[in-house]
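1. pasting the structure only:
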């Protein structure tokens, strides 16, 4: 009986703290979702999110995805067509259920078969706007060639991403969670977050696999990905809304 009274008292004390918190509201992300048809020299083509992506997040999560093409000047394939590089661009925006609308991209990549072998914090200068902290990943994925059930080709991918809130930008999932906790306690607010991700295959050093010889080496892929990420950041982030870039 005494134990029951104690549990009831603890529960009542916990619930009573709710009344001391300010009214809760969600502040919109500073990231615009619409991907322009042209980003610098890149041409973009809309891509639908996969059923796995939709099913893994809350129903009101919003997606903008595009395949981006950049033609190489003066380079042609065996039948005379101009050669082009391809990169994938994604913007994912959390819905009202902030806890289940968005997470670290590493989770999705792992579910898709990527094995991440390098992860580091970097930064990207956006001329006339500011510096964006980014997370840079290197990963491998085995894809079937279709020749036989046991025949695979291994692709290396370079990926950059970061999160954009109402007034904060960070590459850290844990820092984003800390900002949310502070905002909820001090302001009664939670920032709506979007993550921006660009991914591109590259040719690993020493690769001799047929069909991969035209992929850009890592250094070249790095330049191209940062260029695309810089273009979408300059156009789609409401920089006046960003109070602090962490």
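-> Structure's in. What do you need? These numbers come from a predicted model, not from an experiment.

2. CA only for contacts and neighbour counts going forward, please
-> Will do.

3. got the contact list for the strand or helix carrying residue 199?
-> Per DSSP states H and E: residue 199 is located in strand 194-202. Here strand 194-202 makes contact (CA atoms under 8 Å, 6 or more residues apart in numbering) with 29, 31, 86-94, 102, 155-165, 215-218, 221, 225, 228-229.

4. now do 6 Å
-> If you take CA atoms under 6 Å, 6 or more residues apart in numbering as the criterion, strand 194-202 is touched by 87-93, 156-164, 215-218.

5. now the following helix or strand past it: buried residues?
-> As assigned by DSSP H and E, the chain's next helix or strand after strand 194-202 is helix 218-236. By neighbour count with 16 or more other CA atoms under 10 Å, helix 218-236 contains the buried residues 218, 221-222, 224-234.

6. what's the closest of those residues to residue 139?
-> Taking CA to CA as the measure, residue 139 sits nearest to residue 218 out of the buried residues of helix 218-236, at 11.8 Å.

7. which residue is the nearest non-sequential neighbour of the residue positioned nearest the centre of the chain?
-> Geometric centre of the chain, nearest residue: residue 197, 3.3 Å, by CA atoms, centre = their mean. Of all residues not flanking residue 197 in the chain, residue 161 sits nearest, at 4.3 Å (CA to CA, 6 or more residues apart in numbering).

8. now the angle from the strand holding residue 199 to helix 218-236?
-> Per axes from the mean of the first three to the mean of the last three CA atoms, to 10 degrees, the angle that strand 194-202 makes with helix 218-236 is 150 degrees.

9. parallel or antiparallel, which strands does strand 194-202 pair with?
-> strand 82-93 (antiparallel), strand 152-164 (antiparallel) (DSSP bridges).

10. in PyMOL, select just the buried ones from the contacts of strand 194-202.
-> To isolate the buried ones among the contacts of strand 194-202 in PyMOL, judged by 16+ other CA under 10 Å, type:
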select buried, resi 87+88+89+90+91+92+93+156+157+158+159+160+161+162+163+164+215+216+218
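
11. just checking, what packs against the host helix or strand of residue 177?
-> Following DSSP H and E, one finds residue 177 within helix 173-186. The contact analysis (3 or more CA pairs under 6 Å, 6 or more residues apart in numbering; DSSP states H and E) places helix 173-186 against strand 189-191.

12. check which residues of the strand it packs on are buried.
-> By 16+ other CA under 10 Å, the buried positions in strand 189-191 come out as 189-191.

13. of the buried residues of helix 218-236, closest to residue 123?
-> residue 226 (9.8 Å).

14. what's the closest non-adjacent residue to that closest one?
-> Excluding the flanking residues, the one nearest residue 226 by CA to CA, 6+ apart is residue 124, at 7.3 Å.

15. tell me the strands beside the helix or strand hosting residue 65, with direction?
-> Assignment of secondary structure by DSSP H and E places residue 65 within strand 62-76. Using DSSP bridges, the strands paired with strand 62-76 in its sheet are strand 42-47 (antiparallel), strand 82-93 (antiparallel).

16. many thanks, I have nothing further to ask.
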